[in-house]
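> sequence unknown, structure follows:
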Ligand code: C2E
Ligand code: MG
Ligand code: MG
Ligand code: MG
């Protein structure tokens, strides 16, 4: 950041700095407001069973921040901002509640037991009441915790202290299942992994998109071996081509997610997709 001499050249103004600062505060305030008035949106990307003819068995809830003009702001941008300004618990609970309602609706419409993945920020794991809060929201929405898979990124997990184990155990006790997201990017120690109560590994899409011919293909294969040894289910995310799909299926991945199967859909479009793909 630089200060510039004002027009008179006599003193330095801070206009550059102020504009930048005000812009940040503006964005923060708009985010707080969007969360409070419920103007964020949640979209649902179908997850298919690669061992059962690519039938849709669940979805991942992904948050969006629509803008009055122009495209939505990406969660890659505003989720870190929400963490920074201390509104991630509120945002996370709101997304969770929307996801539970959509899950219930999807199950009612199809008469099937589907499941839903919801992303949880590592910051939310600092809340010792997280498990009881999420359990209450799920039950109020008419779904059981067993239908909910909470996704925690490998890198996020590594930032957290060892006390995280207690919160994870409470989530398990409440009946939720846990997925380690973006696996392969976070350099977790394998010994630690064996002590954490995860049921699912999601290999990072960078490795999937590198398959079958790039160096990432070896990671896809070794993550699969690791998951199998630990008794975890495997999800390949970011599957875009038939070649990638064939590769992950040959390497034992039970579930697939990616543009090849479906893009993230509105709640209505997701339920319609479920019905049309019966
Ligand atoms: P993620 O949990 O790994 O989610 C998968 C991301 O990959 C999503 O990006 C999805 O749209 C994208 N994707 C899915 N299939 C494909 C594909 O075939 N090709 C490509 N190139 N991309 C694909 P999105 O929605 O932008 O989300 C980015 C990240 O933001 C998520 O990564 C997750 O870590 C975070 N996020 C999203 N929603 C939430 C939320 O409600 N709470 C929290 N804490 N984080 C969230
Ligand atoms: Mg995820
Ligand atoms: Mg991921
Ligand atoms: Mg590829």
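Structure received. As the structure is a computational prediction, the values presented were derived from the model and not from experiment. Ligands and ions are numbered 1, 2, ... in the order given.
> Residue 28 and residue 88: what is the separation?
According to C-beta to C-beta, to the nearest Å, residue 28 stands 13 Å off from residue 88. From N, CA and C alone the C-beta is placed, and that goes for glycine too.
> These two: who's more crowded?
Looking at residue 28 and residue 88 with other C-beta atoms under 10 Å, you find the greater number of neighbours at residue 88, namely 22 against 16.
> hang on, that one packs against residue 81?
No - Residue 88 is beyond contact range of residue 81, at 9.3 Å (criterion: C-beta atoms under 8 Å).
> show me the contacts for the most centrally placed residue in the chain.
What sits nearest the mean C-alpha location of the chain, by C-alpha atoms, centre = their mean, is residue 119, with 3.3 Å. Residue 119 sits next to 60-63, 95, 150-152, 181 when contact means C-beta atoms under 8 Å, 6 or more residues apart in numbering.
> run the last query once more with 7 Å
residue 151 (C-beta atoms under 7 Å, 6 or more residues apart in numbering).
> quick one, phi psi at it?
Torsion angles at residue 119 (phi, psi; degrees, to the nearest 10) stand at phi -80, psi 140.
> Might you enumerate the residues of the stretch 51-200 of the chain proximal to ligand 2?
By C-beta under 5 Å from the ion, the residues of the stretch 51-200 of the chain that approach ligand 2 are 119, 151, 181.
> cutoff 6 Å now
60, 119, 151, 181 (C-beta under 6 Å from the ion).
> Could you export those residues as TSV, including distance to residue 187 and pLDDT?
TSV is the format used below for those (distance: C-beta to C-beta, whole Å; pLDDT from 0 to 100):
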residue	distance to residue 187	pLDDT
60	24	98
119	20	98
151	18	98
181	14	95
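> quick one: which of these sit in helices?
Among those, DSSP state H puts none in helices.
> Just the residues contacting stretch 206-213, thanks.
Applying C-beta under 7 Å, 6+ apart, the external contacts of stretch 206-213 come out as 184, 216-217, 219-220, 236-240, 243-244, 247-248.
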